[in-house]
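J.: pasting the structure only:
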């Protein structure tokens with residue numbers, strides 16, 4: 001039985017509205033951070049606030065729709081690293097920190113969401129699990145200190161992102177990340193570390 005043309009039109013309109021809301025929210029979040037006014041997002045998208053909430057019942061759901069694919073990309077990057085060099089850890093933590101400053105306030109939102117039962121919380125948990133496992137692999141290779149807590153390494157990158165997102169100081173972020181990675185390094189891996197950085 002062919003689809004009702006009216007239903008098809010409504011679905012297309014709903015898809016257009018959803019994409020328009022995502023496009024406008026992305027612009028608003030980049031300019032004002034993740035606490036940007038959702039009323040203003042809806043207005044600029046040309047829809048009512050009720051339409052926004054039908055597509056995205058919470059602010060967290062809107063954030064998740066915008067960043068989920070990149071969260072998975074960063075998690076998959078950790079999955080694919082062997083963990084046998086500090087360069088791998090360094091590069092991944094930098095990628096995590098860079099992702100976390102996509103929007104002002106995102107780093108804090110991601111940390112907060114990790115403890116929640118939501119789509120964004122699940123995506124953040126997946127990201128943290130992948131990062132922790134990368135650090136564990138590095139520990140098994142003797143590259144990262146045995147007494148380092150894998151969760152702490154991931155949280156350090158998130159903390160550094162939060163600290164540096166307000167002034168958009170990329171050099172400071174890189175400097176702090178290098179200090180964090182140096183703190184993870186096992187004694188006796190200086191030559192390996194030097195080779196990784198060359």
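T.: That came through, no problem. Please read all numbers here as calculations on a predicted model, not as lab measurements.

J.: Show me the protein divided up by domain.
T.: As given by automatic domain parsing, the domain ranges for the chain are 1-57, 67-197.

J.: possible to save those as CSV with mean pLDDT and mean neighbour count?
T.: Where you see a C-beta, it was placed from the backbone N, CA and C, and this is true even at glycine. Formatted as CSV, these follow (pLDDT from 0 to 100; neighbours: other CB atoms under 10 Å):
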stretch, mean pLDDT, mean neighbour count
domain 1-57, 89, 15
domain 67-197, 87, 18
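
J.: Quick check on residue 37: phi, psi?
T.: Dihedral angles of residue 37 (phi, psi; degrees, to the nearest 10) stand at phi -60, psi 120.

J.: The closest residue to it other than its chain neighbours sits in which helix or strand?
T.: Take residue 37 and drop its neighbours on the chain: the residue closest to it by CB to CB, 6 or more residues apart in numbering is residue 28, 7.6 Å away. Residue 28 belongs to helix 5-32 when assigned by DSSP states H and E.

J.: Now do that helix: which elements does it pack against?
T.: helix 38-45, helix 49-55, helix 59-79 (3 or more CB pairs under 8 Å, 6 or more residues apart in numbering; DSSP states H and E).

J.: Can I get these in TSV including distance to residue 13?
T.: As requested, these are exported to TSV (distance: least, CB to CB, whole Å):
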stretch	distance to residue 13
helix 38-45	13
helix 49-55	10
helix 59-79	18
